[in-house]
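>>> Okay, sequence plus prediction incoming.
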Amino acid sequence: REPLHEPFSNYYLRLNPDFEVQHIKPRVPGMYEAVFYDTETHKEIAQSYLGSYGGYIYDLAPGTYEMIVYSFDSGNTKVSGVGTFQGGLASVERYADGDTASVNAPDHLMVARDSAFTIPLLYDREDVEYLDAYPKTIVQTWCVVVDGIEGLRNAASIDIYITGQADNKTLATQTLGSAAKTIHFPAAIDYEKNLIYTPFCTFGKIPGKHNTLRLVIRDQNEYIIKCYADVTNQFDNPQNTGHWIKAHFDIHIDPKKDGGMQPTVHEWGENEFNYDIY
């Protein structure tokens, strides 16, 4: 029998995350992945899993590397392409609402990057060398505030769509994707103030694109109300440092009507089931 050995490292990567953002605070991630790349080929040569505030890094000789550290537990935000330094990409999947192709709004993704991360050579030392990285979210946070709607308690659901947004962002350079997409997220309602108050995340607005805010309201009678507002100037206004998107719609949502069933017809949806076969 071979004896078991714990992996050993003299290098500990401390994470110093910045959670101070507007409207939606990031949750503390349970785990990160640190990926290290050759500075000439830009290809992955090693990786280590870290805890919420750091961990040991393994299988790396002293030298200078490119590095990306990114968090798990990122909800709608998916990470791909981390096999190369420039290829790492944060993106979101499509959301079909029946009349337009949209994408889910991203969630926070904590990322640290360094194009010249140095691991020093240790001379006959057994104590731990602490290195540092500084993750922060790669998304922006904004907040939609809509007033003027009467009967908000009569709404069965309210969905929000905003056009002209990016659906991906690179991890290394944090460059926005060039295609303008519509992001979707459900509305949150402040019943005491009788308004829609919904913070949301976005990779960012595509420069030069118009931004239309669309509300899709379904009432308890299965009727649908759609409201539109041009909010381009609010996104583009450099003085809008609070990242507020405001609109006013003078409409009323009717309560549920008395009577029998009110059948509706929906598009056919596929059901997919996974079975474990032994």
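Great, that's in hand.

>>> show me where pLDDT drops low in the stretch 1-150 of the chain?
Along the stretch 1-150 of the chain, the model assigns pLDDT under 70 to residues 1-8, 97-100, 125.

>>> Mind doing that once more with 50?
2-5 (pLDDT under 50).

>>> can you give me the strands in it?
Along the stretch 1-150 of the chain, counting by DSSP state E, counting those that start in this stretch, strands occupy 11-15, 32-37, 44-50, 54-56, 63-71, 78-80, 89-91, 94-96, 101-104, 110-119, 129-133, 136-137, 140-150.

>>> quick one: the third one to strand 63-71, angle?
Just to be clear, that refers to strand 44-50. 50 degrees (axes from the mean of the first three to the mean of the last three C-alpha atoms, to 10 degrees).

>>> Can you name every helix or strand that strand 44-50 contacts?
Packing contacts for strand 44-50, counted by 3 or more C-beta pairs under 8 Å, 6 or more residues apart in numbering; DSSP states H and E, involve strand 11-15, strand 32-37, strand 54-56. Where you see a C-beta, it was placed from the backbone N, CA and C, and this is true even at glycine.

>>> Nearest to D167 among those would be which one?
Nearest to D167 among the helices and strands packed on strand 44-50 is strand 32-37; the distance by C-beta to C-beta comes to 22.4 Å.

>>> Same question for the closest one: list its buried residues.
Buried residues in strand 32-37, counted by 16 or more other C-beta atoms under 10 Å: 32, 34-37.

>>> For D127, which of the helices and strands packed on strand 44-50 is the nearest?
Nearest of the helices and strands packed on strand 44-50 (C-beta to C-beta): strand 11-15, 10.4 Å.

>>> CA atoms only: put stretch 106-126 into CSV for me.
Extracted as CSV, the C-alpha positions of stretch 106-126 are listed here (Å, rounded to 0.1, in the frame of the first residue of the first chain):
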residue,chain,number,x,y,z
PRO,A,106,-26.3,38.5,-15.8
ASP,A,107,-25.6,38.0,-12.2
HIS,A,108,-22.4,39.2,-10.4
LEU,A,109,-19.2,37.5,-11.4
MET,A,110,-16.1,38.3,-9.3
VAL,A,111,-13.0,38.4,-11.4
ALA,A,112,-9.3,39.3,-10.8
ARG,A,113,-6.8,39.4,-13.7
ASP,A,114,-3.1,40.1,-13.9
SER,A,115,-1.0,39.9,-17.1
ALA,A,116,2.3,39.8,-15.0
PHE,A,117,1.6,37.7,-11.9
THR,A,118,4.9,36.9,-10.3
ILE,A,119,5.7,33.9,-8.1
PRO,A,120,9.0,34.6,-6.3
LEU,A,121,11.8,32.1,-5.8
LEU,A,122,12.1,31.1,-2.2
TYR,A,123,15.6,30.3,-0.9
ASP,A,124,15.6,27.6,1.8
ARG,A,125,12.4,28.9,3.3
GLU,A,126,9.7,26.8,4.8
